[in-house]
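Trainee: Sequence first, then the predicted structure, then my questions.
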Amino acid sequence: MRREAKILKLKSIISLKRSIESFNQVDSDEGRVTWTLMSIQHSLEMLMKCLLLEFGNPSKLFDRERNRSQSLRKCLGLARINKTIKLTPDEAGIIAAIDEMRDAEQHWHNYVSEGILYHHLRAAVTLIDDLMQRCLRERLADHLPARVLPISTEPLKDLQVLVDSEFSQAQKLLEPGKRTTPEGKARIRTLLALHSHADPDYDFGEKEVEQVAQAIKAGKGRTEILPALTDINSVVTGEGLNLNVRISKSQGLEVRYVNDPQQAAGIRKVDLRDHFSISYKDLAEKVGVTTMRLSALKAHVGLDSDPECQHVWNFGKMQHVGYSQKAVKVLREALTKSDMANIWEAHNPMWKGSRDKLCTQPGCFTRNKKKG
């Protein structure tokens with residue numbers, strides 16, 4: 001293992017220990033949630049950077065514009081396309097949700113219930129163990145005493161029950177005549193942070209908190225205001241030292257883009273640099289084709305016309321194009337259903353002759369466009 005990767009792994013383990021110590025502290029609750037979230041978020045960030053340094057391109061771990069290491073969100077994008085790490089959307093969602101709760105707690109204030117905090121700390125411990133096994137062939141138990149684990153006197157409740165409880169509490173705190181609006185909004189911040197389980201790229205600010213608060217005051221229900229939370233579930237296996245918690249999205253919801261922000265309570269904000277983090281060369285490697293054949297495959301599926309697959313940044317006369325995870329999925333699916341040889345013949349970018357002989361493969365964007 002690279003020397004710097006070893007240092008980052010050690011920092012991750014140390015911060016994990018601190019988060020467990022903070023969660024289990026018995027003398028006082030002052031600062032307990034803050035230190036628990038800050039430490040577990042740091043542990044996850046250090047582990048992500050350790051694995052990316054060891055199994056990825058070290059140069060991508062630094063943002064040249066900001067002259068510092070990449071953000072955790074950027075690292076999640078890199079880890080999802082890394083062939084060794086293979087971070088799943090559910091795993092990325094756990095890290096993103098913890099990051100959002102930590103951000104709200106560190107830079108402003110939110111309210112994280114005991115149940116939600118325990119759920120996510122346990123899920124983080126499980127995830128760290130999973131990643132260490134998958135990538136480093138190590139077990140977390142190799143680095144921690146057997147007695148070290150998050151302990152709660154409350155039974156582990158179903159995540160949907162916890163979400164319903166938090167929403168109900170927010171409703172009560174936002175009732176007319178009560179001077180508890182700040183407390184109600186604090187719970188809303190945690191609920192919005194949980195959106196990251198459904199969409200790891202989700203981000204929110206005070207504008208979204210206010211929109212949800214107004215929707216609650218208007219009498220709207222949870223499924224109407226926060227529909228993405230309906231499909232988030234937790235799977236609990238084992239007990240005691242071997243207790244594992246994995247949080248997943250049982251059924252994905254389509255992301256809707258709206259022109260009028262008033263149409264939705266929780267608006268999806270995305271850092272485009274993180275969402276469209278895949279370069280053209282990386283896209284070709286991920287799909288498993290040459291860069292020339294990628295151009296033909298892109299034309300076949302009409303990738304350039306899908307704003308959810310690619311984004312173009314204009315810097316004066318220069319352009320930079322980035323691609324999303326959806327682009328990888330669309331191109332891979334096209335390859336499994338089509339004959340690449342025919343696609344290459346029909347969409348070869350170097351072809352200078354007539355374009356009359358259309359692609360015969362299913363789902364051809366060019367052929368369907370001409371028919372329309």
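Mentor: Good, I have the coordinates. Residues are numbered from 1 along each chain as shown.
Trainee: C-alpha from now on. contacts and neighbour counts both.
Mentor: Noted.
Trainee: Quick one: the helices in the stretch 101-250 of the chain, in order.
Mentor: 114-131, 159-173, 181-193, 206-217, 222-225 (DSSP state H, counting those that start in this stretch).
Trainee: pLDDT averaged over the last one - what is it?
Mentor: This predicted structure assigns helix 222-225 an average pLDDT of 90.
Trainee: Check which residues of that helix are buried.
Mentor: For helix 222-225, a neighbour-count test (16 or more other C-alpha atoms under 10 Å) marks 222, 225 as buried.
Trainee: quick one on the thing from earlier: out of the helices of the stretch 101-250 of the chain, the one nearest residue 146 is which?
Mentor: helix 114-131 (13.4 Å; C-alpha to C-alpha).
Trainee: List the contacts of the closest one.
Mentor: 33, 40, 44, 47, 85, 91, 94-95, 98, 139-140, 150, 152, 154, 156-157, 159, 162, 244-247 (C-alpha atoms under 8 Å, 6 or more residues apart in numbering).
Trainee: what's the most buried one of the helices of the stretch 101-250 of the chain?
Mentor: helix 181-193 (a mean of 22; mean count of other C-alpha atoms under 10 Å).
Trainee: what sits up against that one?
Mentor: So helix 181-193 is in contact with 96-98, 100-101, 104, 109-112, 163, 166-167, 169-174, 203-204, 209-210, 212-213, 266, going by C-alpha under 8 Å, 6+ apart.
Trainee: okay if I get the helices of the stretch 101-250 of the chain as JSON lines plus distance to residue 336?
Mentor: As requested, those are exported to JSON lines (distance: least, C-alpha to C-alpha, whole Å):
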{"stretch": "helix 114-131", "distance to residue 336": "29"}
{"stretch": "helix 159-173", "distance to residue 336": "37"}
{"stretch": "helix 181-193", "distance to residue 336": "36"}
{"stretch": "helix 206-217", "distance to residue 336": "40"}
{"stretch": "helix 222-225", "distance to residue 336": "36"}
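Trainee: picking up where we left off before, only the buried subset of the contacts of helix 114-131, as a PyMOL command please.
Mentor: Command for PyMOL that selects the buried part of these, burial taken from 16+ other C-alpha under 10 Å:
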select buried, resi 33+40+44+47+85+91+94+95+98+140+150+156+159+162+244+245+246+247
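Trainee: Need the mean per-residue confidence for the helix or strand that residue 38 is a member of.
Mentor: In this structure, residue 38 sits in helix 32-55 according to DSSP states H and E. For helix 32-55, mean pLDDT is 97.
Trainee: and the helix or strand just after that helix, what other elements does it pack with?
Mentor: Once helix 32-55 ends, the next helix or strand along the chain (criterion: DSSP H and E) is strand 62-63. Strand 62-63 makes packing contacts with strand 68-69 when contacts are defined by 3 or more C-alpha pairs under 8 Å, 6 or more residues apart in numbering; DSSP states H and E.
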